[in-house]
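Enquirer: how would this look folded up:
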Amino acid sequence: MMNILTQEGRVAILEKAEQTRLGWLAIIITSQSICGSIAICFICQNDSTINTILLSLVAAINMGSNALVVAQAPMKYVLLGFVATLLISIIGTIVSLALIP
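Expert: As a prediction, the model looks like this:
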């Protein structure tokens, strides 16, 4: 079992992800697009300035992460983009739900 807290564990996980790259890329692009779309649906429910900023941020991060996948960037950057997309989408959804009257 690999320990992700050690440098060797992280390198081993990235090497394993690189070997199974095509399968991971399909999963990553599908799941981040779904998560971003859900966030955008909640953000568009309210018409305020903060929601326009959230919409721009979620869309830009999502498109950037998709661009990393399409450009076949190293898995390290693809996974970082995937995590960034998930975090920004979740934060955008929570903030937009808090602003709905």
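Enquirer: quick one, strands of the protein?
Expert: In chain order, the chain shows no strands, with DSSP state E as the criterion.
Enquirer: Helices along that one, start to end?
Expert: Ranges of helices in the chain, per DSSP state H, are 7-19, 21-43, 49-70, 75-99.
Enquirer: Just the buried residues of the last one, please?
Expert: What that stands for is helix 75-99. Buried residues in helix 75-99, defined by neighbour count with 16 or more other Cβ atoms under 10 Å: 75, 78-79, 81-82, 85-86, 88-89, 92-93, 95-96. Every C-beta, even on glycine, is put in place using the N, C-alpha and C of the backbone.
Enquirer: again, but for the third one
Expert: Buried positions in helix 49-70, judged by neighbour count with 16+ other Cβ under 10 Å: Asn51, Leu54, Leu55, Leu57, Val58, Ala59, Ile61, Asn62, Ser65, Asn66, Leu68, Val69.
Enquirer: which intervals of this protein have sub-threshold pLDDT?
Expert: Residues of the chain that meet the criterion pLDDT under 70 lie in 1-5.
Enquirer: how about a cut-off of 90?
Expert: Low-confidence segments of the chain, defined by pLDDT under 90: 1-25, 28, 40-54, 72-76, 79, 95-101.
Enquirer: Glu18 contacts Met75, doesn't it?
Expert: Yes. In terms of Cβ atoms under 8 Å, Glu18 counts as a neighbour of Met75; the distance is 5.0 Å.
Enquirer: For the spatially most central residue of the chain, which residues are in contact?
Expert: The chain has Thr85 as the residue nearest its centroid, 2.2 Å off, counting by Cα atoms, centre = their mean. Contact partners of Thr85, counting by Cβ atoms under 8 Å, 6 or more residues apart in numbering, are Gln32, Cys35, Gly36, Ile61, Asn62, Ser65.
Enquirer: just to revisit the earlier point, of all the buried residues of helix 49-70, which two lie farthest apart?
Expert: Farthest pair in the buried residues of helix 49-70 (Cβ to Cβ) is Asn51 and Val69. Separation: 26.9 Å.
Enquirer: okay, now Ala71: neighbour count?
Expert: Counted with other Cβ atoms under 10 Å, the burial measure for Ala71 works out to 9 neighbours.
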